[in-house]
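S.K.: Give me coordinates for this.
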Amino acid sequence: MATSADMLVRDLVALGVSRIYGIVGDSLNPVVDAVRRTEGIEWIHVRHEEAAAFAAAAEAQLTGRLAVCAGSCGPGNLHLINGLYDAHRTGAPVLAIASHIPSSQIGTGFFQETHPQQLFGECSHYSELVSAPEQLPRLLRIAVQTAVGAGGVSVLTIPGDVSSQKAPAQQPRGTAPAQRSPVVPGAERIAELAERLDGAEKVMLFCGDGVRDAHAEVLALATALAAPVGHSLRGKQWIQYDNPFDVGMSGLLGYGACYEAMHEADCVVLLGTDFPYDTFLPQQHTIQIDHDLTRFGRRTPLDLAVHGDVRETLALLLGRLRPRTDRSFLDRMLRRHAKLLDKVVEAYTTDIADRTPIHPEYAAALLDSQAAADAVFTVDTGMGNVWAARYLTPNGRRRVIGSFLHGSMANALPHAIGAQLAYPGRQVVAICGDGGLSMLLGELLTLRTYDIPVKVVVFNNASLGMVKLEMMVDGYPSFGTDHPVVDFTAIARACGLPAVRVDQPSGIEEGLRVTFATPGPAVLELITDPNALSIPPKITGEMLRGFALSAGRTVLGGGVGTMVELARGNLRNIPRP
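M.R.: Numbers count the residues shown, from 1 in each chain. Alright, predicted model coming up:
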């Protein structure tokens, strides 16, 4: 007898889903058994449902296709919620299957009873309860189309007894979800955009994740406008490489002249970005181009809002702009950018290869140089974000993902699981902090169980470094941020994983070489300086007062790896004043 669960799994396979991440249990058992009996799909047994959602989020982000996770009734599916928030805010198309208590017990206060269709409402575009087998095919189609079309999470809550019931005799055929088409602005809006840009003397472009397919068009626009180009953290991987207009990144992890260029410009163009930190934006003289109508004006007042995909919009715009030869603003910002990078890099390169504890900046620079040209990096929230933002060099082939919009700890390892299963032939490197790794430490067992060849690089400073920085900025002495050093190498080996522990700078390169050459999963633990912190590119008086009130030795600033070479190279094309 074919069950509703069989029908569900069959339709998921037809949609191209090849795995479901989750933990087996009670009300979810019919679905798991259907996976066991169905060709073309596998069950990935994680150790925590939060990891299941993070893994699905990474797979969906990297492939652009639907990914699926599942949790059993009550606590099981509740554990999904943090990873689903991450997926939803990132716009990753994820379907979560939240199994439920027996349908006859709903509303009685039954054991493990929750109301998933309500609980998941805030972190999904679609969340519905399946009450009968006849509903399932149609609700699945709606859920999948919503996740793919709106970009984000859909949740189907399915009671265990409904999953095990006989599938309806007349089953409608599955429908492939429609894919998004590019949004193209009207001719009048393009003309108005061209007029405003032509009327501005100093234009600055600020790029987000929405420029991922528009590298050539953005650089052509920068050439036409003699405009410096900055970026957000999510935009870095798409626009910084081969970019002679680069002035760095803005935001809490920023560097270079991006902030200055943005605030000196008389026209800032936001390209495909929903940059959340409004205090870093000038709050005036701003144009925004985005495919999502809901994003306009929610970070800053706008002079003009252009609804359209960045690539399509710029392709229509480029031929309409007047030629300009004045590069004075651009050249000044490029010089300023190079000067700022030289200043901070000098502080972190002088004799750093011999200093102990290991400076994480030095380790991150070596990691960048030894990782594969098409590596996928997953990055823990916290100081790992800083080192990734400043030291991982984009080239158009590498990918960097993290919990950049949700800001959750512990994301790097489960993200890496989803990334590696999606791309088994690519090098996947999880840049983990000791705080993040310890939260979902059990996922090392998932690596071993499936022999997933993720390379885990642990920056172990025995501290919650970003939290310590936040406390210092606010004038608080750090408290509750430090803990005894944990031997993650011993833990990894106990899990059956090859592991190397390095506490001297001279051993980093060999540790990386051995780790990257190891077949299957491997762990490299780096014992780093807990006092190596970083501050934003723009420091306010309040921040300085906070540091002055805070006790302790702290290294401020932060290097930017090989990006300084790019900045110096750009200067060669600038005429001497």
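
S.K.: contacting residues for L464?
M.R.: 382, 433, 435, 481-482 (C-beta atoms under 8 Å, 6 or more residues apart in numbering). Backbone N, C-alpha and C define where each C-beta goes, glycine included.

S.K.: now A490
M.R.: A490 touches A499, counting by C-beta under 8 Å, 6+ apart.

S.K.: The strand or helix carrying it: what's the following helix or strand?
M.R.: Element membership of A490, judged by DSSP states H and E, is helix 488-494. Later in the chain than helix 488-494, the nearest helix or strand by DSSP H and E is strand 499-502.

S.K.: Using CSV, list the CA coordinates for that next one.
M.R.: Only the C-alpha atoms of strand 499-502 are listed here, as CSV (Å, rounded to 0.1, in the frame of the first residue of the first chain):
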residue,chain,number,x,y,z
ALA,A,499,43.1,16.2,13.3
VAL,A,500,46.1,18.4,13.6
ARG,A,501,46.8,20.9,16.4
VAL,A,502,49.0,23.9,15.7
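
S.K.: I'd like the distance from it to the chain centre, please.
M.R.: Between the centre of strand 499-502 and the centre of its chain there are 27 Å (C-alpha atoms, centre = their mean, to the nearest Å).

S.K.: residues in contact with that strand?
M.R.: 358, 487-490, 492-493, 508, 511, 514-515, 522-527.

S.K.: try it again with 7 Å
M.R.: By C-beta atoms under 7 Å, 6 or more residues apart in numbering, the residues outside strand 499-502 that reach it are 489, 492-493, 508, 511, 514-515, 522-527.

S.K.: pLDDT weak spots in the stretch 1-150 of the chain?
M.R.: Of all residues in the stretch 1-150 of the chain, none has pLDDT under 70.

S.K.: which residues of it fall in helices?
M.R.: 4-14, 29-36, 49-63, 75-78, 81-90, 116-119, 136-146 (DSSP state H, counting those that start in this stretch).

S.K.: angle of the second one against helix 4-14?
M.R.: Spelled out, it's helix 29-36. Interaxial angle, helix 29-36 versus helix 4-14 (axes from the mean of the first three to the mean of the last three C-alpha atoms, to 10 degrees): 40 degrees.

S.K.: now do the last one
M.R.: On the basis of the same axes, to 10 degrees, helix 136-146 is oriented at 40 degrees to helix 4-14.

S.K.: returning to that earlier point: in a markdown table: the contacts of strand 499-502, plus neighbour count and distance to L440.
M.R.: Output for the contacts of strand 499-502, formatted as a markdown table (neighbours: other C-beta atoms under 10 Å; distance: C-beta to C-beta, whole Å):
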| residue | neighbour count | distance to L440 |
| --- | --- | --- |
| T489 | 20 | 18 |
| A492 | 26 | 14 |
| R493 | 14 | 18 |
| I508 | 21 | 25 |
| G511 | 21 | 23 |
| V514 | 15 | 25 |
| T515 | 23 | 20 |
| A522 | 21 | 18 |
| V523 | 27 | 14 |
| L524 | 27 | 18 |
| E525 | 27 | 16 |
| L526 | 28 | 19 |
| I527 | 23 | 21 |
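
S.K.: Just flag the most distant two among those residues.
M.R.: Within those, R493 and I508 form the most distant pair, 19.6 Å apart (C-beta to C-beta).

S.K.: pLDDT wise, what is T279 at?
M.R.: Looking at T279, its pLDDT is 89.

S.K.: just checking, it is part of a helix?
M.R.: Yes: under DSSP: H, G, I helix; E, B strand; the rest coil, T279 falls within a helix.

S.K.: which residues sit in contact with it?
M.R.: With C-beta under 7 Å, 6+ apart, T279 has no contacts at all.

S.K.: What's the local residue count around L447?
M.R.: 25 (other C-beta atoms under 10 Å).

S.K.: Okay, and it sits in which element?
M.R.: Using DSSP H and E, L447 falls in helix 443-450.

S.K.: just checking, what packs against that helix?
M.R.: helix 412-422 (3 or more C-beta pairs under 7 Å, 6 or more residues apart in numbering; DSSP states H and E).

S.K.: Using PDB, list the CA coordinates for the helix or strand following the helix it packs on.
M.R.: Sequence order places strand 428-433 as the next helix or strand after helix 412-422, per DSSP H and E. Extracted C-alpha coordinates of strand 428-433, given in PDB (Å, rounded to 0.1, in the frame of the first residue of the first chain):
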ATOM      1  CA  VAL A 428      34.700  22.900   1.300                       C
ATOM      2  CA  VAL A 429      36.400  24.700   4.200                       C
ATOM      3  CA  ALA A 430      34.500  25.400   7.400                       C
ATOM      4  CA  ILE A 431      36.100  28.400   9.300                       C
ATOM      5  CA  CYS A 432      34.900  27.700  12.800                       C
ATOM      6  CA  GLY A 433      35.300  29.600  16.000                       C
END
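
S.K.: ok, residues contacting the next helix or strand after strand 428-433?
M.R.: Using DSSP H and E, the next helix or strand after strand 428-433 towards the C-terminus is helix 434-439. Outside helix 434-439, the residues that touch it by C-beta under 7 Å, 6+ apart are 380-382, 409-410, 412-413, 458, 460-462, 464, 486, 488.

S.K.: which regions of the stretch 151-300 of the chain lie under the pLDDT threshold?
M.R.: Using pLDDT under 70, the stretch 151-300 of the chain drops low at 170-175.

S.K.: which residues in it form helices?
M.R.: Going by DSSP H, counting those that start in this stretch, the stretch 151-300 of the chain shows helices at 160-164, 187-198, 215-225, 236-239, 258-264.

S.K.: still on that earlier bit, now the helices of the stretch 1-150 of the chain in TSV, with mean neighbour count?
M.R.: Formatted as TSV, these follow (neighbours: other C-beta atoms under 10 Å):
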stretch	mean neighbour count
helix 4-14	22
helix 29-36	20
helix 49-63	29
helix 75-78	21
helix 81-90	27
helix 116-119	18
helix 136-146	20
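
S.K.: wait, which of those is closest to K339?
M.R.: helix 81-90 (34.8 Å).

S.K.: Before I go, just wanted to say thanks for your time.
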